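K.L.:
Build me a model from this:
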Amino acid sequence: MAVTAHFLDSDWKLHKRIINFTKITSHYGEEIGKMVEVCLRDWGIEKVFSIVVDNASSNDTAIDYLKRRMKSENLLLFEGKYLHLRCACYIINLIVKDDLKELNVSIKAIKNAVVFIHSSPSRLNKFREFAILAKFSNTSTVSMDVKTRWNATYKMLEVALKYRRVFKRMTEEWLPFMNYFHQKDDKGKERIGPPKANDWEMAKAFVHFLKKFYDATLELSASKSPTSQLIYHSMVALQVEIDRKRHDDSNPILKEVACAMKLKFDKYWGNWNNMNPLIFIGNILDPRNKLQMMKVTVKKLGGTPTSVKEFVDSIKQSLVTLWTEYKGINDILNAES
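P.N.:
Residues are numbered from 1 along each chain as shown. Next up, the predicted model:
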């Protein structure tokens, strides 16, 4: 387990430091919490604002443990109200990953074609010969898929689509390529492929759909610049994209994928009142947005006038609470200096 600390120095410069990298001997939540507690004590960290973790249930237990322990010793800012912040990139991963199964046949056909060209140096060189004939570079290649990472699947499909003409020509002219798909795979099952026109069209639509999810993941994964002000914007943009596909009848499979994504989206980001207010406060502190823009956005997403007012008022109150607390801390520091 890696424990990373983010902090601002006296010149308001953002810093990121890995302060521990340790083997997890137990996946019980309290044990994980104790490991984090020991790490914080070793570094002499006496005030903690928030802790970002993924959605594993053991991490929920770990946060509960830390909140109890640190609150009793007055080590938490705001008594831990903003302590638990769920990793936005991990939530995006959960929303997308399992729903790739709906497009399994088309993805598998393209993946098998990519696996074939990477299975030996001679096959990769032959692929590059076909690529040159199609006016591509002599160093052309397609990245391999990684089962546990949906964004790797996205990149594989995105790049493979550029070489669609190359794979089509291989299907028509290269007998070993076609013979590969007449053989059974390692599990004794019929090998899916080669990719047909419908598979490529499905992959094209899917890549276009997932681009916003991929871009949001990259944006929120930045480590040298603040990202908290981007979470709310990403949430809204992804929700709009999912809703657009849910009501698009031109592609029934993608519509089904979007409906499944909507269920997962609502599970993690459907009830804003149950989320850490920091997600919204970060957005408000961006001078381009402010509270007024949040009112407009929530209303467009289907909020009633009453619900919009209650939600925005609660966020404003949290913002005032933060300001008051920090103002008090600064007054104390100024008095001491």
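
K.L.:
so who does Arg169 touch?
P.N.:
Residues near Arg169 by Cβ atoms under 8 Å, 6 or more residues apart in numbering: 130, 133-134. In this view, the C-beta of every residue, glycine as well, is placed from N, C-alpha and C.

K.L.:
Top of the residues you listed by number of neighbours, please.
P.N.:
Phe130 (21 neighbours; other Cβ atoms under 10 Å).

K.L.:
residue contacts, that residue?
P.N.:
Residues in contact with Phe130 (Cβ under 8 Å, 6+ apart) are 166, 169-170, 173-174.

K.L.:
can you do 7 Å?
P.N.:
Contact partners of Phe130, counting by Cβ atoms under 7 Å, 6 or more residues apart in numbering, are 166, 169-170.

K.L.:
can I assume it sits in a strand?
P.N.:
No. Applying DSSP: H, G, I helix; E, B strand; the rest coil, one finds Phe130 to be helix, outside a strand.

K.L.:
name the element the residue lying closest to it once chain neighbours are set aside belongs to?
P.N.:
Nearest residue to Phe130 in three dimensions, chain neighbours excluded: Val166, at 5.0 Å (Cβ to Cβ, 6 or more residues apart in numbering). Counting by DSSP states H and E, the element that carries Val166 is helix 164-173.

K.L.:
Show me which residues of the very next helix or strand once past that helix are buried.
P.N.:
Under the assignment DSSP H and E, the closest C-terminal helix or strand after helix 164-173 is helix 175-180. By neighbour count on 16 or more other Cβ atoms under 10 Å, the buried set for helix 175-180 is 177, 180.

K.L.:
how many other residues sit next to Val296?
P.N.:
Neighbour count for Val296, taken as other Cβ under 10 Å: 11.

K.L.:
residue boundaries of the helices in the stretch 151-300 of the chain?
P.N.:
Per DSSP state H, counting those that start in this stretch, the stretch 151-300 of the chain carries helices over the ranges 164-173, 175-180, 197-220, 228-246, 252-269, 278-284, 290-300.

K.L.:
wait, what's in contact with the residue sitting nearest the centre point of the chain?
P.N.:
Nearest residue to the geometric centre of the chain (Cα atoms, centre = their mean): Cys89, 2.5 Å. Counting by Cβ under 7 Å, 6+ apart, Cys89 touches 217, 220-221.

K.L.:
I'd say Asn112 and Lys189 touch.
P.N.:
No. With contact defined as Cβ atoms under 7 Å, Asn112 does not reach Lys189; the gap is 11.4 Å.

K.L.:
Looking at those two, which one has more neighbours?
P.N.:
Neighbour tally, Asn112 and Lys189, criterion other Cβ under 10 Å: the higher count belongs to Asn112, 17 against 8.

K.L.:
which SSE is that one in?
P.N.:
Using DSSP H and E, Asn112 sits in helix 104-118.

K.L.:
Quick check: buried residues in that helix?
P.N.:
Buried residues in helix 104-118, counted by 16+ other Cβ under 10 Å: 106-117.

K.L.:
Make TSV out of these and add pLDDT and distance to Gly282.
P.N.:
Listed next are these as TSV, based on pLDDT from 0 to 100; distance: Cβ to Cβ, whole Å:
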residue	pLDDT	distance to Gly282
Ser106	86	38
Ile107	87	35
Lys108	89	40
Ala109	92	42
Ile110	93	38
Lys111	91	38
Asn112	92	43
Ala113	93	43
Val114	93	39
Val115	92	42
Phe116	93	46
Ile117	93	44
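
K.L.:
Off-centre distance for the longest helix anywhere in the chain?
P.N.:
Across the chain, the helix with the greatest residue count (assigned by DSSP state H) is helix 305-336. Counting by Cα atoms, centre = their mean, to the nearest Å, helix 305-336 is centred 29 Å from the centre of its parent chain.

K.L.:
And the helix or strand of the chain with the lowest mean pLDDT, what does it pack against?
P.N.:
Counting by mean pLDDT, DSSP states H and E, the weakest-scoring helix or strand in the chain turns out to be helix 305-336, with a mean of 77. The helices and strands touching helix 305-336, judged by 3 or more Cβ pairs under 7 Å, 6 or more residues apart in numbering; DSSP states H and E, are helix 278-284, helix 290-300.

K.L.:
quick one: Lys111 and Asp145 touch, right?
P.N.:
Yes. In this structure, Lys111 is within contact of Asp145 by Cβ under 7 Å, at 5.1 Å.

K.L.:
Overlap in contacts, those two.
P.N.:
Met156.

K.L.:
pLDDT weak spots in this protein?
P.N.:
Along the chain, the model assigns pLDDT under 70 to residues 98-102, 148, 329-337.

K.L.:
And it, split by domain according to the record?
P.N.:
Domains of the chain are assigned by automatic domain parsing as 2-86, 97-208, 285-337.

K.L.:
helix/strand/coil for Leu85?
P.N.:
What three-state DSSP gives for Leu85 is strand.

K.L.:
Quick one: residues contacting it.
P.N.:
So Leu85 contacts 50-52, 276, 278 (Cβ under 7 Å, 6+ apart).

K.L.:
Repeat the analysis, applying 10 Å as the threshold.
P.N.:
Residues in contact with Leu85 (Cβ atoms under 10 Å, 6 or more residues apart in numbering) are 49-53, 63, 228, 231, 275-276, 278-279.
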